[in-house]
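Undergrad: Any chance you could fold what I've pasted below:
(one chain, ligands or ions: 1)
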Amino acid sequence: MDSKNEELVIEIRNLSKYFNELKAVDNLNINVFRGDVFGFLGPNGAGKSTTIRMLLTLIKPTKGSIKIFGKDLFRDRLSILKNVGAIVEKPDFYGYLSAYKNLEILGKISGHEISNKRIMEVLELVGLSDRYKSKVKTFSHGMKQRLGIAQALLHDPDLIILDEPTTGLDPMGMKEIRELIIHLSRDQKKTVFLSSHILNEVEQVANRMIIINKGTAKVEGNVKDLLDATNLSVTVEVSDVLKAGSLISESGWSEKLKGISGNRMEFNIGNQETAQLNKFFVENGVDVYSIVPTRSLEEYFLRITQEAI
Ligand code: ADP
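TA: Alright, predicted model coming up:
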């Protein structure tokens, strides 16, 4: 790990939140380093939103502590939150006003000094600058979601917290949000804390992740290492499925084949094996049209913990 990554941006220690008998969050420990895109994964009801609401001081922990930028969140709340941007629930906008006007008003409400130049900058950043005059009611769900992220970015925070930002989006909208997150991390050097219940989505943007279930952590680490170590479903689309099938049956790959549908073959393999399988097909005269990881959080979870979520 290089030195720029060693600065802790979020330190969650023994964090718990009980709602009467229910342990929504139970003794959670999380480290997020500067520059991370940190995937906070878990099925519905796992405790993600409850944790995020504590990170934003919307609710108080039952036990435990949170430090952000090295400072105690509950002691230095205002100075910390000035440098945090978040979208928690579906962002709410004035439909009859333009994207620009909405950001101007929301900027004023937030109490930050936001210049007109900054409003145009964030609109550019989320790919909406050519629509700045359009009424928000004419926007797609994905565009509204990006406008929500623009709002969270207005005051140029170092840490961005996104609670399930792609919920309800179509594949195109999801892709736009993924690209935006990568841009925020790579080009804008932001630290991003991203909650999701979709492994595939987190896998494409995050460098580190934690998986929680019933309020407690099950796995934590480097996304690549965690996924490389586990065989998961991958669908390979080939030019000639008969030829591919006979090649597979004569080789060690047959043990990894789970099923065939049309010209798509599903395998249970790790990332390195995926590359080897691709090579195997191409070298033996079978073209590979696409390779798509089709693993779900449920499948991964079952593999590593032997328990269902
Ligand atoms: P996630 O965001 O991972 O879907 P949540 O944090 O929303 O999960 O919920 C975790 C658990 O806490 C769930 O069982 C949920 O019903 C419960 N819960 C969340 N908020 C409250 C609340 N205000 N009162 C009682 N129970 C709650």
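Undergrad: Near the ligand, which residues of this protein are found?
TA: 19, 22, 24, 42, 44-50 (Cβ under 6 Å from any ligand atom). Using the backbone N, CA and C atoms, a C-beta is placed for each residue, glycine as well.
Undergrad: Let's see that with 5 Å instead.
TA: Applying Cβ under 5 Å from any ligand atom, one finds that the chain approaches the ligand through 19, 24, 42, 44-50.
Undergrad: just the helices in the stretch 101-250 of the chain please.
TA: With helices called from DSSP state H, counting those that start in this stretch, the stretch 101-250 of the chain shows them at 116-125, 141-153, 171-186, 199-205, 223-228, 241-249.
Undergrad: which one of these has the lowest average pLDDT?
TA: Of all the helices of the stretch 101-250 of the chain, mean pLDDT reaches its minimum on helix 223-228 (a mean of 85).
Undergrad: Pull that helix out as CSV, backbone CA atoms only.
TA: The C-alpha trace of helix 223-228 is given here as CSV (Å, rounded to 0.1, in the frame of the first residue of the first chain):
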residue,chain,number,x,y,z
VAL,A,223,-12.0,-6.3,-3.8
LYS,A,224,-9.6,-8.0,-6.3
ASP,A,225,-8.0,-10.3,-3.8
LEU,A,226,-11.4,-11.3,-2.3
LEU,A,227,-12.9,-12.1,-5.7
ASP,A,228,-9.8,-13.8,-7.2
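Undergrad: who's in contact with it?
TA: 39, 202-203, 206-209, 219, 270-272, 300 (Cβ atoms under 8 Å, 6 or more residues apart in numbering).
Undergrad: got it, and stretch 97-104?
TA: With contact meaning Cβ under 8 Å, 6+ apart, stretch 97-104 is reached by 93-94, 105, 114, 116, 119-120, 122-123, 128, 131-136, 139, 147, 150-151, 154.
Undergrad: Make a PyMOL selection of whichever of these turn out to be buried.
TA: Buried residues among the contacts of stretch 97-104 (16 or more other Cβ atoms under 10 Å), as a PyMOL selection:
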select buried, resi 93+114+119+122+123+128+131+132+135+136+139+147+150+151+154
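Undergrad: What is the neighbour count of the closest residue in space to residue 183 that isn't next to it in sequence?
TA: Among residues not flanking residue 183 along the chain, residue 125 sits closest, at 7.4 Å (Cβ to Cβ, 6 or more residues apart in numbering). By other Cβ atoms under 10 Å, the residues close to residue 125 number 18.
Undergrad: Equivalent analysis for residue 237, please.
TA: 15.
Undergrad: how about it, what does it touch?
TA: 263-265, 288-292.
Undergrad: ok, now with 6 Å
TA: Applying Cβ atoms under 6 Å, 6 or more residues apart in numbering to residue 237 gives the contacts 263-264, 289-290.
Undergrad: which stretch among the helices of the stretch 101-250 of the chain comes nearest residue 84?
TA: helix 141-153 (8.8 Å; Cβ to Cβ).
Undergrad: packing partners for the closest one?
TA: With contacts taken as 3 or more Cβ pairs under 6 Å, 6 or more residues apart in numbering; DSSP states H and E, helix 141-153 sits against strand 84-87, helix 116-125.
Undergrad: Kindly recompute the last result at 8 Å.
TA: The contact analysis (3 or more Cβ pairs under 8 Å, 6 or more residues apart in numbering; DSSP states H and E) places helix 141-153 against strand 84-87, helix 99-110, helix 116-125, strand 159-163, helix 171-186.
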